[in-house]
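need a structure here:
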Amino acid sequence: MKFFASCGKGLEYLLADELIALGCARATATMAGANVEGSLLDAQRAVLWSRLASRVLWPLVEFDCPDEHALYQGVSQLDWPQHLAGGDTLAVDAHVSGEGITHARYAAQRVKDAVVDVMRARTGARPDVDVEAPDLRLNLVVRKGRAVLSVDLGGGPLHRRGWRRMQGEAPLKENLAAAVLLRGGWPRVYAEGGALLDPMCGSGTLVIEAALMAADVAPGLQREGGFRPTRWRGFDAEAWKQLLDDAQAREARGRDALRPVFQGSDLDPHAIRSARENALVAGVAEAVAWKVEDIRQLAAAGDPEQLPREQSPRGLVACNPPYDARLAADPALYRALGDALKRGVPQWRASLLCGDADLAFATGLRASKKYQLFNGAIECTLIVADPIAPPQRERSSEPQALSDGAQMVANRLRKNLRKLKSWREREGVHCFRAYDADLPEYAAAIDVYETDEPVGVGSGPRTFLHVQEYAAPADIPQDVQRRRLNEALAAAREVFAVPRDQIALKTRSRGKGGSKYGQFDTRAEFIVVREGDARLRVNLFDYLDTGLFLDHRPMRLRIADEAQDARFLNLFGYTGAATVHAALGRARQTTTVDLSATYLQWCADNLKENGIGGAKHRLVQADVMEWLEHDEGEYDLVFCDPPTFSNSKRADDFDVQAAHVELLRAAVARLSREGVLYFSNNFRRFRLDEAAVAQFARCIEISRDTIPADFERDARIHRCWQLRRL
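As a prediction, this is how the structure comes out:
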């Protein structure tokens, strides 16, 4: 016979392998399940033993089903007294697609009607409906005009093992937990004497599932009603009893031999209480050590108070770090998890079910394998790292000599640092441009970002480099470009003595239409830097821009100086650095307008980083031109730094050259009597329409005063004007 075993998306191939291992003749992975060839005994064995299946469906009938009348007739053809006793209860689950039948609940009702009518006509009794614990659960699938009606041999979802009594806010389904463990190679790790750790265990699903797997406990043994999952008359009760007897014997042997090598920890005491209760019901409480603990407290291997009680040089970390249905999560927490594992259990394996690829990358672990799994409707990324911290390659004790070209770049970098040293110390500059294509053949910009981390806390301040490659002339061969870029990187690494993972490189790759930027990293990693009195979050790796335009440093500091008691407006606010400076400069209120929700959230995070919040700091997601048209506020200090060009599905295209007069007219109209507007942009061919602007504002160019010392080589990096109302 052919039957179907369903599972969560992403588990199909694992499920097919498991069913073949359980004795089925054949199993072929398909969408959200496996098509299986085997006997009824094989199907019943899958109900008892499958750790991955959601349901096991044994087909009763298949027929053409263009509409609900055909559905009723097709179901009515079955001899239902052969399948269902007169006093038994019934439930129908339906899944429909196509144009003939479009409502699953109505389809289930029609199946129930057909069964009830046949039973009443044949036996004089009708079955009642029990959607929670029916004697017979049917499953209907209507697809492409064909209907398949099956018996749900498990009587309901098989992921419900029966031991869960308490759960957290987002419990992991047991069959998905089994997949995380199997992808991590847990059976082999345990067989080789290894231990298991979940440092963010929640209500304990992964730890308990691992313990039951190690104890050879059939998943169906503890399931409610597991000693008879269905009252379907075709169910082979004698064969099921033999399966149960065998499973109970294996369970007794497995529990006796179970080693206490399991540990779960979590920061939430309520979660640990839930985990203890669940482990007690599952019968594995004696094998598991639970602890209320922050992931950052995970100690180094060998500390008996921190690691599983039976020490092991190898083991598996299985974990499902937090995220929600919107994949909202804290990348810093994922980074802390990765750092803790590399510090505490560097030679173990890790199987981590992360919210998405970006969050997986944020762990900093090098994945040997990646899989896409679904936690309900949420597409997640499972990474397997083996080992967690690969041994570092031995490096020669002798420093590698720089090539002649790299040495030239290094010499120029050192010269620039000497030149900027006194200015940086005097102005307290921690983020600056150290090199800007000073040597034309080495066409790149190198910016330095020093983190604002106190000495003695963690590693103290760190230095990051942000390297942007400029477009080379078309006649320069790509291999020459790559060599020169590598020489510039080698020079930067030597001069600043930074590790490779603290260098963000933005390279250009040639494609159709000319030179363009290639792929960026997706580390979702933010660092905090200081500028004047402000602490600002920057992201060096994920975007072309970092969230902080270094050339506008003097302008932002000027805003801080002039913001006292001012009503400040930041148009095209980007990540809100100017808003933070205005707020720290004691602005009476601030308003930040940008069309991007991402940038506004970044701005909110920057304000929070400086302890700034409340109703007087307003964030507005809107098209600036449209917002100015309707806003009736009055502002004393306005900063307007628009992009050269932008397009968006939510707003009209914007071109700064074409729109600047209209933009400035609308912005100046919002100025108070003594208010001032600072307007800047970085379009190198921009020409201010002075005659048009003179009709509504007094305007003077202040570009020279806003170019900092580290950008003097490129005085055209931006232009800036001061405007006041006539």
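
Could you tell me how many residues sit around the nearest residue to Ser596 once chain neighbours are set aside?
Sequence neighbours aside, Gln621 is the residue nearest to Ser596 in space, at 7.6 Å (criterion: Cβ to Cβ, 6 or more residues apart in numbering). Using the backbone N, CA and C atoms, a C-beta is placed for each residue, glycine as well. As a burial measure, Gln621 scores 15 neighbours (other Cβ atoms under 10 Å).

Would you mind confirming that Gln621 makes contact with Leu600?
Yes. Using Cβ atoms under 8 Å, Gln621 makes contact with Leu600 at a distance of 5.6 Å.

Which neighbours do the two have in common?
Asp594 (Cβ atoms under 8 Å, 6 or more residues apart in numbering).

returning to what we had before: who's the residue nearest to Ser596 bridged to?
When assigned by DSSP bridges, Gln621 has beta-bridge partners Asp594.

any idea how far Ala615 is from it?
According to Cβ to Cβ, to the nearest Å, Gln621 and Ala615 sit 17 Å apart.

Likewise for Gly10?
Distance from Gly10 to Ala615, by Cβ to Cβ: 45 Å.

now swap in Val288 and tell me
48 Å.

So for the two, which sits in the more crowded spot?
Per other Cβ under 10 Å, whichever of Val288 and Ala615 has more neighbours is Val288, with 27 against 6.

Surely that one and Ile208 touch.
Yes. Contact criterion Cβ under 8 Å: Val288 and Ile208 qualify, at 7.5 Å.

got any residues that touch both of those two?
Ala279.

tell me which helix or strand of the protein sits lowest on mean pLDDT?
strand 514-517 (a mean of 48; mean pLDDT, DSSP states H and E).

need the next SSE after it, C-terminal direction.
Sequence order places strand 527-531 as the next helix or strand after strand 514-517, per DSSP states H and E.

Pro331 versus the closest residue to Arg537 other than its chain neighbours, what's the distance?
With Cβ to Cβ, 6+ apart as the criterion, Arg537 has its nearest non-adjacent residue at 4.6 Å, and that residue is Phe526. According to Cβ to Cβ, Phe526 stands 7 Å off from Pro331.

domains of this structure?
Here the domain parsing of the chain from automatic domain parsing is 2-152, 174-215+258-385, 404-517, 549-725.

Ok, which of those comes nearest Trp240?
Nearest to Trp240, of all the domains of the chain, is domain 2-152, at 5.6 Å by Cβ to Cβ.

ok, back up a step: could you count how many residues lie near the residue nearest to Arg537?
20.

For the stretch 101-250 of the chain, which residues score under the pLDDT cut-off?
Within the stretch 101-250 of the chain, the ranges that satisfy pLDDT under 70 run 167-170, 224-226.

need the strands for it, in chain order.
Listed in chain order, the strands of the stretch 101-250 of the chain (DSSP state E, counting those that start in this stretch) span 128-129, 136-143, 146-152, 195-198.

Highest mean neighbour count out of those?
Stretch with highest mean neighbour count among these: strand 195-198 (a mean of 27; mean count of other Cβ atoms under 10 Å).

That one: how far from the chain's middle?
Relative to its chain's centre, strand 195-198 lies at 23 Å (Cα atoms, centre = their mean, to the nearest Å).

Equivalent analysis for stretch 440-455, please.
28 Å.

next one: stretch 70-81
Centroid displacement of stretch 70-81 relative to its chain, using Cα atoms, centre = their mean, is 47 Å.
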